[in-house]
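Visitor: predicted structure and sequence below. I'll ask about it afterward.
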Amino acid sequence: MSKRSLLPWPVLRQLTGTDILGRGRAARSKRTDEIEPRTSTADRVAKSVCPYCAVGCAQKIFVKDEQIVQIEGDPDSPVNRGRLCPKGSASKNLVTSELRETTVRYRRPYGTEWEDLDLTTAMEMVADRVLKTRRETWQEFDEKGRRVRRTMGIASLGGATLDNEENYLIKKLVTAMGAIQIENQARI
């Protein structure tokens, strides 16, 4: 190691050492030798499925002190064989980001500031608005007198961050309310 410290530039170590292609010791820095993978310090590994799309890529979630330290693809999975797309690779931020909202935020009509609401109040506001919209826009018959039993005032756009089961249940709910304008981001 003392000899390497005299040659701080990798290209010098490459030209003067035995690693002429620069793929081994010549490319390693002192910092590289000092660090260890986050996965090696994990207390346990939980298996999961990526939450983004319907492919179902398997993930290994490394946990230390009940905190997620790393999420990687599971090499034992026949679906993704250890690989994850960019969204799947960044899924740790979905649950650990400091920017993640953890409270219900609401801005009143014509308001300029956001306020926090408790979940019960927010859910009641959503339910009241859905029922009011459905009541006001309900169509029992179309212009030709055919029974349609639908509302054109409610639409649904499912997201790719939901799994198949969640999107299925949302579609069933919105269909039961009479909405016919239903789409999913993962299919668009």
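Guide: Arrived safely, thanks for sending.

Visitor: domains in this protein, by residue range?
Guide: 2-34, 38-96, 104-184 (automatic domain parsing).

Visitor: which one of those domains is the most hemmed in?
Guide: Per residue and on average, the most neighbours among those fall to domain 38-96, with a mean of 15 (mean count of other C-beta atoms under 10 Å). Every residue, glycine included, has its C-beta placed from N, CA and C.

Visitor: that older thread, where among the domains of the chain is average confidence lowest?
Guide: Among these, domain 2-34 carries the lowest mean pLDDT, a mean of 72.

Visitor: by contact count, what packs against the helix or strand encompassing residue 70?
Guide: If you go by DSSP states H and E, residue 70 is part of strand 67-73. Counting contacts by 3 or more C-beta pairs under 8 Å, 6 or more residues apart in numbering; DSSP states H and E, strand 67-73 is packed against strand 58-64, helix 86-89, helix 92-96.

Visitor: save those as JSON lines, and put in distance to residue 106 too.
Guide: Putting those into JSON lines (distance: least, C-beta to C-beta, whole Å) gives the following:
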{"stretch": "strand 58-64", "distance to residue 106": "32"}
{"stretch": "helix 86-89", "distance to residue 106": "28"}
{"stretch": "helix 92-96", "distance to residue 106": "23"}
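
Visitor: out of the ones you listed, which comes closest to residue 14?
Guide: helix 86-89 (30.4 Å; C-beta to C-beta).

Visitor: looking at the helices and strands packed on strand 67-73, which is nearest to residue 180?
Guide: Closest among these, using C-beta to C-beta: helix 86-89, at 30.0 Å.

Visitor: does residue 183 touch residue 157 like I think?
Guide: Yes - using C-beta atoms under 8 Å, residue 183 is in contact with residue 157, at 5.4 Å.

Visitor: and the helices and strands packed on strand 67-73: which comes nearest residue 145?
Guide: Per C-beta to C-beta, nearest to residue 145 of the helices and strands packed on strand 67-73: helix 86-89, 48.1 Å.

Visitor: hmm, who's touching the closest one?
Guide: Identification of contacts with helix 86-89 by C-beta atoms under 8 Å, 6 or more residues apart in numbering yields 50, 52-53, 57, 59, 71, 73, 80.

Visitor: farthest pair within those?
Guide: Checking the contacts of helix 86-89 with C-beta to C-beta, the most distant pair is 53 and 71, at 15.5 Å.
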